[in-house]
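> predicted structure and sequence below. I'll ask about it afterward.
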Amino acid sequence: MVQLSRRLSAVANLVTITGILADVGTDHGYIPVFLAGQKRIQRAIAMDVNQGPLERAKEHIRQYELEDRIETRLSDGLNALKPKEAEGIVIAGMGGNLMKRILMQGEEVAKTAKELILQPQSEIMEFRRFLWESGYVITAEDMVLEDGKYYPMMRATYRSNRKNEPDILAFKYGEKLLEQKHPVLRQYLQWQKKQKEQILEKLQQNAKQDVSSRTQELKQELAYITRGLEMIDGADEK
């Protein structure tokens, strides 16, 4: 069976639906092939905006003899998917702003899915805020470290009734990750704390111009990081 990277394995593990899964930006089709091959889903629709990745996906689908369970579609985002056609939708491995565009343009389709499995590569805080403002609730999160980079990911569902706006730390670091006291988030926060403390020290030592604005910005970030670590480790974290 196809072997997934740590990142893609974590994405696949967030999938709970067992019916039809749509994978947007499927590239090699690894996630549909993996989940269909393990019979965790009945069928999959592997979609990509470019023909090249779809051809690679088709090769993998044929290799694992899953042609009867996985179809491929040329699609810009969710354009080739109908409302309620897929129980679950995976969008992984692309920038947060691009994922926002895909969800906004395919809003009618996205909001009818039982779950969205999302793994933005950038603009993480802004993407989480976008989800909340668009009526989605994050129901599960995970985070992995692979090849020196941290990858947060989430499962979200559309709900018309939601609680009050989350605290800023929920947008910055992930409410579910904080609640889980996730070890990879803890590692990430410790790394961020060290990085920003070093930047702040160099800034104060070598400043030849007014750096008060940048200094204040770094101190605010360090305050958020400290709060996050306190939620994970307890109030004694310094």
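Everything's here; your move.

> for the residue most central in space within the chain, helix, strand, or coil?
The centre of the chain sits closest to residue 119, judged by CA atoms, centre = their mean, with a distance of 2.0 Å. What DSSP: H, G, I helix; E, B strand; the rest coil gives for residue 119 is strand.

> list the contacts for it?
Applying CB atoms under 8 Å, 6 or more residues apart in numbering to residue 119 gives the contacts 7, 11, 91-93, 151-154. In short, each C-beta sits where N, CA and C put it, glycine included.

> list just the nearest of the residues you listed to residue 215.
residue 152 (27.7 Å; CB to CB).

> not counting its neighbours along the chain, what's nearest the closest one?
residue 143 (4.6 Å; CB to CB, 6 or more residues apart in numbering).

> which parts of this protein are strands?
20-24, 43-48, 70-74, 88-94, 115-120, 136-146, 149-158 (DSSP state E).

> just the angle for the biggest helix by length in the chain relative to strand 149-158, thanks.
The residue-count maximum for a helix in the chain (DSSP state H) belongs to helix 183-206. For helix 183-206 against strand 149-158, the angle by axes from the mean of the first three to the mean of the last three CA atoms, to 10 degrees is 120 degrees.

> list the buried residues of helix 183-206.
184-186, 188-189, 192-193, 196, 200 (16 or more other CB atoms under 10 Å).

> and if you look at stretch 211-220?
Using 16+ other CB under 10 Å as the test for burial, stretch 211-220 gives residue 218.

> that older thread, now the buried residues of helix 183-206 as a markdown table including pLDDT and distance to residue 147?
Formatted as a markdown table, those follow (pLDDT from 0 to 100; distance: CB to CB, whole Å):
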| residue | pLDDT | distance to residue 147 |
| --- | --- | --- |
| 184 | 98 | 14 |
| 185 | 98 | 18 |
| 186 | 97 | 19 |
| 188 | 98 | 14 |
| 189 | 98 | 20 |
| 192 | 97 | 18 |
| 193 | 96 | 22 |
| 196 | 95 | 22 |
| 200 | 90 | 28 |
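
> so residue 48 makes contact with residue 55?
No: using CB atoms under 8 Å, residue 48 makes no contact with residue 55, being 9.5 Å away.

> of those two, who's got more company?
Neighbours were counted for residue 48 and for residue 55 using other CB atoms under 10 Å; residue 48 has more, 23 against 11.

> quick check: domain ranges of the protein?
As given by automatic domain parsing, the domain ranges for the chain are 6-170, 184-233.

> report how many residues lie close to the residue lying closest to residue 83 once chain neighbours are set aside.
Excluding the flanking residues, the one nearest residue 83 by CB to CB, 6+ apart is residue 112, at 4.4 Å. Neighbours of residue 112 under the rule other CB under 10 Å: 16.

> tell me who's in contact with residue 112.
Counted by CB under 8 Å, 6+ apart, residue 112 has contacts 83-84, 158.

> just residue 215 next, same as before
200, 203-204.

> against residue 190, how distant is it?
Distance, residue 215 to residue 190, by CB to CB, to the nearest Å: 22 Å.
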